[in-house]
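**Student:** Sequence first, then the predicted structure:
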Amino acid sequence: MATDDVVPLSGVNVLHCAPDGPPLDGERAALDLIGDAMGRDAQVVAVPVARVAEDFFRLRSGVAGAVIQKFVTYQVRLAVVGDVTRHTDDSTALRDFVHETNQGGHIWFLPDLATLDEKLRAAG
């Protein structure tokens, strides 16, 4: 996939981001994705782990908090899709953060789109 594309999963439009697009590295990048999603009638943005900036996974940097706050404010759900174990193995705080966000209905860290589809189906 060379470009971001909207795909329907369990009746929900998902902006599935290409792995080689601009990095999700702060508020500006979050707002760009949110604007793209809203403009294309997508309620969820699925960003591959490869496209998420390393600072996002260092909670002390504040990048994750700033990005997530934008998604929550604009009521667009965010799914970071792919294997984050490299990051969670190095940080108990991040492992706890990922666990807690996955319990909610707005921000998820999921291994693949099939799991996102299941999550959306369960959310109704």
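**Tutor:** Perfect, I can see it now.

**Student:** mind listing the helices for the chain?
**Tutor:** Assigned by DSSP state H, the helices in the chain fall at 27-39, 63-73, 85-88, 92-103, 113-123.

**Student:** counting contacts, what elements does the first one pack onto?
**Tutor:** Translated: helix 27-39. Applying 3 or more C-beta pairs under 8 Å, 6 or more residues apart in numbering; DSSP states H and E, we find helix 27-39 packed against strand 12-16, strand 44-48, helix 63-73. (Glycine included, C-beta is placed from N, CA and C.)

**Student:** His87 touches Leu94, doesn't it?
**Tutor:** Yes. Counting by C-beta atoms under 8 Å, His87 touches Leu94, with 5.7 Å between them.

**Student:** circling back: export the helices and strands packed on helix 27-39 as CSV, with columns for distance to Leu113, mean neighbour count and mean pLDDT.
**Tutor:** Below are these laid out as CSV (distance: least, C-beta to C-beta, whole Å; neighbours: other C-beta atoms under 10 Å; pLDDT from 0 to 100):
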stretch, distance to Leu113, mean neighbour count, mean pLDDT
strand 12-16, 7, 21, 98
strand 44-48, 7, 23, 98
helix 63-73, 18, 18, 97
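
**Student:** where does this protein dip in pLDDT?
**Tutor:** Flagging of the chain using pLDDT under 70 yields the residue ranges 1-2.

**Student:** quick one on the thing from earlier: now tabulate the helices and strands packed on helix 27-39 in a markdown table and tack on distance to Pro22.
**Tutor:** Output for the helices and strands packed on helix 27-39, formatted as a markdown table (distance: least, C-beta to C-beta, whole Å):
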| stretch | distance to Pro22 |
| --- | --- |
| strand 12-16 | 13 |
| strand 44-48 | 10 |
| helix 63-73 | 13 |
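
**Student:** ok, back up a step: who touches both of His87 and Leu94?
**Tutor:** Residues touching both His87 and Leu94 by C-beta atoms under 8 Å, 6 or more residues apart in numbering: Phe57.

**Student:** dump the residue contacts of Gln43.
**Tutor:** Residues in contact with Gln43, defined by C-beta under 8 Å, 6+ apart, are 12-14, 37, 76-77.
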